[in-house]
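**Q** Sequence first, predicted coordinates after that:
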Amino acid sequence: MDKSFVSNIKTHLSESKKIVVIPHLSPDADALGSCLAIYHFFNKNHEVSIISPNEYSEVLKFLPGENIIYRFDLSQDKSVKLINDAEIIFILDFNNLNRVRKLSPYIKESDAIKIMIDHHESPDDFAEYSYCDPSMSSTCEMVYNFLSKYNKDAIDKKIAECIYTGIVADTGSFRFPSTTSDTLRIASDLIKIGVEIDSIYQNLFNNYQFSRLKLLGKTLENFKKVKDLPVMYSLLSDEDQKINNFKKGDTEGFVNFGLSIEGILCSVLMIEKKDEGVVKLSFRSKGEITVNDFAANFFNGGGHIHAAGGVSHLSLAETEEKFLTDILTLSLIHI
């Protein structure tokens, strides 16, 4: 992080300001954890609001302060007014305005100073101040770095819980390659502040409905191996989701199960969303196999080297057919 990043923001926040904090569409634990950490940190001296573009998993409602979040899809007039009145806008865990869809034009038109903190590849240039580093485990880790340099003593238990939740979620409980010694040091610092790791783990990973277990079973049942390639993929139809009472966030982590098979280097999950007219794809890989460029080139997506997402406007069957053709172009090493 550039030294001037913190000093410049301190200058802008030397007096009380109206601040809006925005995560990406369907925010995950890292996005909401980042937003709530910023909220709790700055709301002591500023007027801070969080606007989520849409709904998020009920599992994340345990995060301290979650109840103050506005949803643009439910409170559009209020959200637009907050953005129009904002003097500072924090852009967290995304770097392209396409990731907030209908919120995009309001952010573009806002005269507020925009501050981006994000760990994804290829950031767009629309923020006055940016702290972007795709080598980081999570945006929450970056938010900790920012806040600790801003005023480390102001990081209390609520802030620590929000940051720890995002880190543990985005690192797969510290299993993913993005986890570094710095990540573990920060986790240790957060525990010293008072984070109860068992409570967060239970809320984050052991707080689902029985219907989700059945949906996972259907996902596992549908897994197939691509012939002659170390690739597994699964499909979830709209009907599969309805039968198993799908709720936002239920499929989080399902794609990773493909990588648990010996010799598999890439796993893909395709989820039909008839109400949106799309099929959403999640890509995961390990070793020297990268999926971000593949997602960007063939499925209008992107993300990280080993974790990416995409979207198809074809039917589920047509998306599967396209995927099986396109996957042949992926540079699979050591087959």
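**A** Thanks, I have it.

**Q** Got the domain ranges for this protein?
**A** As assigned by automatic domain parsing, the chain contains the domains 3-205, 210-329.

**Q** what's the offset of stretch 230-237 from the middle of its chain?
**A** Distance of stretch 230-237 from the chain centroid (CA atoms, centre = their mean, to the nearest Å) equals 21 Å.

**Q** hang on, the earlier thing: need the domains of the chain in a markdown table with mean neighbour count and mean pLDDT, can you?
**A** The way it works is simple: take the backbone N, C-alpha and C, and place the C-beta from them, glycine included. Converted to a markdown table, the domains of the chain look like this (neighbours: other CB atoms under 10 Å; pLDDT from 0 to 100):
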| stretch | mean neighbour count | mean pLDDT |
| --- | --- | --- |
| domain 3-205 | 19 | 96 |
| domain 210-329 | 18 | 94 |
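
**Q** Would you check how far apart the closest residue to residue 64 other than its chain neighbours and residue 114 are?
**A** Closest residue to residue 64 apart from its sequence neighbours, by CB to CB, 6 or more residues apart in numbering: residue 158 at 4.4 Å. For residue 158, the distance to residue 114 (CB to CB, to the nearest Å) stands at 25 Å.

**Q** hey, where'd the strands end up in this protein?
**A** Applying DSSP state E to the chain gives strands spanning 18-22, 47-52, 70-71, 88-92, 113-118, 129-132, 224-225, 231-236, 266-273, 278-285, 302-303, 307-312.

**Q** so where do the helices sit in the stretch 51-200 of the chain?
**A** 76-85, 104-109, 139-151, 157-170, 181-193, 197-205 (DSSP state H, counting those that start in this stretch).

**Q** hmm, back to that, does the residue nearest to residue 64 touch residue 65 like I think?
**A** Yes. Assessed by CB atoms under 8 Å, residue 158 is found in contact with residue 65 at 6.8 Å.

**Q** shared neighbours of those two, which are they?
**A** Listed as contacting both residue 158 and residue 65 by CB atoms under 8 Å, 6 or more residues apart in numbering are 36, 40.

**Q** hang on, residue 167 packs against residue 182?
**A** No. Look at residue 167 against residue 182 with CB under 8 Å: they stay out of range, at 10.8 Å.

**Q** shared neighbours, these two?
**A** By CB under 8 Å, 6+ apart, residue 167 and residue 182 have these common neighbours: residue 141.

**Q** Next, the contact list for residue 25, please.
**A** Neighbouring residues of residue 25 by CB under 8 Å, 6+ apart: 53-54, 99-101.

**Q** if I look at it, how far off is residue 298?
**A** For residue 25, the distance to residue 298 - CB to CB - is 21 Å.

**Q** Now tabulate the helices of the stretch 51-200 of the chain in a markdown table and tack on distance to residue 314.
**A** Formatted as a markdown table, the helices of the stretch 51-200 of the chain follow (distance: least, CB to CB, whole Å):
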| stretch | distance to residue 314 |
| --- | --- |
| helix 76-85 | 30 |
| helix 104-109 | 24 |
| helix 139-151 | 31 |
| helix 157-170 | 30 |
| helix 181-193 | 38 |
| helix 197-205 | 33 |
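
**Q** Which one, of the ones you listed, ends up nearest to residue 2?
**A** When these are compared by CB to CB, helix 139-151 sits nearest residue 2, at 10.8 Å.

**Q** List the contacts of the closest one.
**A** 1, 5-6, 9-10, 30-31, 33-34, 37-38, 41, 92-93, 117-119, 131, 133, 136, 154-155, 159, 162-167, 170, 182-183, 186, 189-190.

**Q** ok now do residue 203, which residues does it touch?
**A** Counted by CB under 8 Å, 6+ apart, residue 203 has contacts 59, 62.

**Q** cool, and residue 23?
**A** Counting by CB under 8 Å, 6+ apart, residue 23 makes contact with 31-32, 34-35, 50, 52-53, 92-94.

**Q** now do residue 306
**A** Here residue 306 is in contact with 176-177, 284-286, 289-291 (CB under 8 Å, 6+ apart).

**Q** Relative to residue 227, which of those is nearest.
**A** Lowest distance from residue 227 to these (CB to CB) belongs to residue 289, with 17.0 Å.

**Q** Tell me if I'm right that the closest one and residue 266 touch.
**A** Yes. Contact criterion CB under 8 Å: residue 289 and residue 266 qualify, at 5.3 Å.

**Q** Which parts of the stretch 201-335 of the chain are helices?
**A** Using DSSP H, counting those that start in this stretch, helices in the stretch 201-335 of the chain cover 210-221, 238-243, 292-299, 316-326.

**Q** From residue 1, how far out is residue 160?
**A** 19 Å.

**Q** Also residue 138?
**A** 15 Å.

**Q** now residue 65
**A** 25 Å.

**Q** Ends of stretch 280-291, what's the gap?
**A** This stretch, stretch 280-291, spans 15 Å end to end (CA to CA, to the nearest Å).

**Q** Residues in contact with that stretch: which ones?
**A** With contact meaning CB under 8 Å, 6+ apart, stretch 280-291 is reached by 177, 230, 251, 254-256, 258-259, 265-271, 273, 294-295, 299, 301, 303, 305-312, 319, 323, 330-334.

**Q** ok, the closest residue to residue 23 other than its chain neighbours - contacts?
**A** Once flanking residues are discounted, residue 23 sits nearest to residue 31: 3.6 Å by CB to CB, 6+ apart. Going by CB under 8 Å, 6+ apart, residue 31 touches 23-24, 92-94, 139, 166.
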